Structure formats: C-alpha cells, structure tokens
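S.K.: Sequence and predicted structure are below.
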Amino acid sequence: MYARKIPPQLNCGLDLVAEVLYGKWKIRLLWFIHEGHRRPGELQRKIPDASRRVLHMQLKELEEHELLRKEIFAEVPLHVEYHLTEFGQTLIPLIAGIGNWGDAHSEQLRRVIGKRIPG
C-alpha cells in the first residue's frame, strides 16, 4: 500500500477538490460513467491512452471518495459496473461547465499547449 511522504494540505475547498479529482483520467471517467459507459472494458475503450492498471486505481480512488459505486454481478464471467453516487452526480454540472469553457477557448488553449510540445 502506498504511504504518502507528505500529508495533504486540506485548508480550503480547492485543496479538497484537488485531493479528490486530481488524476489524469478521473474527470473523464466521471463524465463517461455519467454518459452510460459503466463497464471497465467500455471505459478502457473510451480512454485508450490509459493503462488498465491506472484506470483501475483511479476508479478505486473515486469509489473510496464516494463519487462512484461499484456493482458486482455474481455471474460467469464476472460482470462489474460503475455508477455515479448522488454525491458524484453533483460534479456533473461542474465538469460540463469546464468542458464548455474549454470548447469556448479551444483555439487559444490549443495554441498555448502547442508551445509546450516539442516538435
């Protein structure tokens, strides 16, 4: 089990949100589950750049933070689905707002991000 060397600073709402949502794929996982992609294989296909291990770790963290609920069906083969909790649903309007902001400023964002990419 991973033990942190430096304890998290949870002094304000932004610190708390960062602790729960920071992770390369977490916001996208929440969004795709909201859209109805609930099985691990479906999520892997939606985010092919992410390794199965990393997706599993981030899904587990979202579940530990009570944003997701994991449902395991007792059948062969094993069937697993993830669902947003009521608490997790409260993030969807915020994620949609961030996505809309990104769409509205996509040209500028692509330009400034492109400056950092060697080529």
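M.R.: Right, received. Where do you want to start?
S.K.: Now the residue nearest the centre of the chain. Nearest residue, chain neighbours left out?
M.R.: Nearest to the mean C-alpha position of the chain, counting by CA atoms, centre = their mean, stands residue 26 at 1.4 Å. Residue nearest to residue 26 in three dimensions, not counting chain neighbours: residue 58, with 5.3 Å by CB to CB, 6 or more residues apart in numbering. All C-beta spots, glycine's among them, are computed from the backbone N, C-alpha and C.
S.K.: which element is that neighbour on?
M.R.: Element membership for residue 58 (DSSP states H and E) is helix 52-64.
S.K.: Any idea how far that helix is from the middle of the chain?
M.R.: How far helix 52-64 lies from its chain's middle: 9 Å, per CA atoms, centre = their mean, to the nearest Å.
S.K.: Now do it: which elements does it pack against?
M.R.: Here helix 52-64 touches helix 26-34, helix 40-46, strand 68-73, going by 3 or more CB pairs under 8 Å, 6 or more residues apart in numbering; DSSP states H and E.
S.K.: could you redo the ones you listed as TSV and give each row distance to residue 89?
M.R.: Conversion of those to TSV gives the following (distance: least, CB to CB, whole Å):
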stretch	distance to residue 89
helix 26-34	8
helix 40-46	18
strand 68-73	11
